[in-house]
Each structure stands twice: as C-alpha cells, then as structure tokens.
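[1] Based on what follows, work out the 3D shape:
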Amino acid sequence: MHQGKAFIFSAPSGSGKTTIVKHLLQTNPNLGFSISACTRDKRGRNEENGKDYYFLTPEDFKQKIDNHEFIEWEEVYAGNFYGTLKTEIERIWSEGKHVIFDVDVKGGLNLKNYFKEKALAVFVKVPSLEELESRLHDRNTDTPASISQRLFKAKFEMKFENEFDVVLVNENLEESLQKAQKLVDDFIEQRHVSAEAGSENNSQK
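    Just a heads-up that it's a prediction; the model follows:
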C-alpha cells in the first residue's frame, strides 16, 4: 500500500484550524481528510455521519478500543470520546493521497508520536485568549458554560505548542491559508519547514 504523509492540524477550539483544513482540502486534491470517530451528538442538521464524523455509541466506541481499532483515542470530556480509526488512514493512503487531520491538541501529539517523521504537526493559535473567547461567542454554537469549559481547556493546551513542529499564528486568515499551503507543499517536497509560521505577526503574547 502507498504510504503517504500525514498533516496534523491541532488547536484549542475556536482557533480556526477547521477553516484552514477545509481550505487545504478544497485546493489540494492529493489530500484526504481523516474523519474522526466520536460519541457526541450531531451539531444541528449540518453534520453528517461518515462525512464530518463517524458518530458511534459509547458502547461501539469502547468495543473498538478493546479491538485495538484506533491509532489514538481519548475521553475529551466526561463520557465524550474521540478517536482516529486505523481504517481511515488505510482508506486515504490506498487512494494515493496524503492524510490531513483536524484534531485537538492531545490527539495531535498522539498522532505525531504514531507517524513520527511521516507527519508534520501544526499548532494553530490565535494571538490571545481574549481573541479566542470572542471567536467562540461569535460562532453561536456553544453555551456560556461550554465556552468557559473550552477556554479553560485552551489555557492548558497552549502549554504544548512547543511540542509541535510548527506554530501557525492565525491572525489574518488569508495569510494563514497561504502559510498553511506553503507548509504542505514544502513537507511533501521535503523542503525545510520553518518552525514559526506567522510569529512575526504575533505582537501579543
């Protein structure tokens, strides 16, 4: 089987990683999206099983854990599991594509550890936590309690950015999309990848 490369985009919720990943998928036919499995309910009518996520019952998810069917999995919130199925990677690589992930920070580090030199792990961050809070409010998909929980988690996740290969500061979306594209091109061609993509714009610590 063709063994492609793996692009791992991780970030605290609301940092814009999903927007970046969707753009890369639209403009790079050689990338295939790794669909995560999860046990949470669908959000609204927009999410589809087998397209956005594989929606599993907790029982099904635990059965797959027991069967060693996951590359990585975690209980993100109490009773809320997410994971990457081995069959997803096989599916994408068998199509001759490179795999791209949109995962949280812990999942990203687990995937980086699994794929090792085949992977480029990118940490997407916003310039500040205030900006992140503002974006979460603007999404209108989370309750105040959920936003509070996500911000608490984001503060914790920010501590791990140095364990990723690249930090991409998502201040200006258009610039971030261009930088993400260059990261993908350079890694596929095995050119040297800069460890700080966008730090020159990062005036706020």
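
[2] contacts, neighbours, all on C-alpha from now
    Will do.

[3] Okay, buried residues for stretch 13-31 please.
    Buried residues in stretch 13-31, defined by neighbour count with 16 or more other CA atoms under 10 Å: S13, G14, S15, G16, K17, T18, I20, V21, L24, L31.

[4] Pull the number of nearby residues for T87.
    Applying other CA atoms under 10 Å, we find 13 residues neighbouring T87.

[5] Going by secondary structure, it is in what exactly?
    helix 86-94 (DSSP states H and E).

[6] Who does the residue nearest the centre of the chain form a beta bridge with?
    Taking CA atoms, centre = their mean as the criterion, D102 is the residue nearest the geometric centre of the chain, at 2.3 Å. Assessed by DSSP bridges, D102 has beta-bridge partners F9.

[7] ok, it - contacts?
    When contacts are counted by CA atoms under 8 Å, 6 or more residues apart in numbering, D102 touches I8, F9, S10, K17, T18, V21, S34.

[8] can you check D142 too?
    Applying CA under 8 Å, 6+ apart, the residues near D142 are L136.

[9] so how far is Y82 from it?
    18 Å (CA to CA, to the nearest Å).

[10] same deal with G4?
    Separation of G4 from Y82 (CA to CA): 23 Å.
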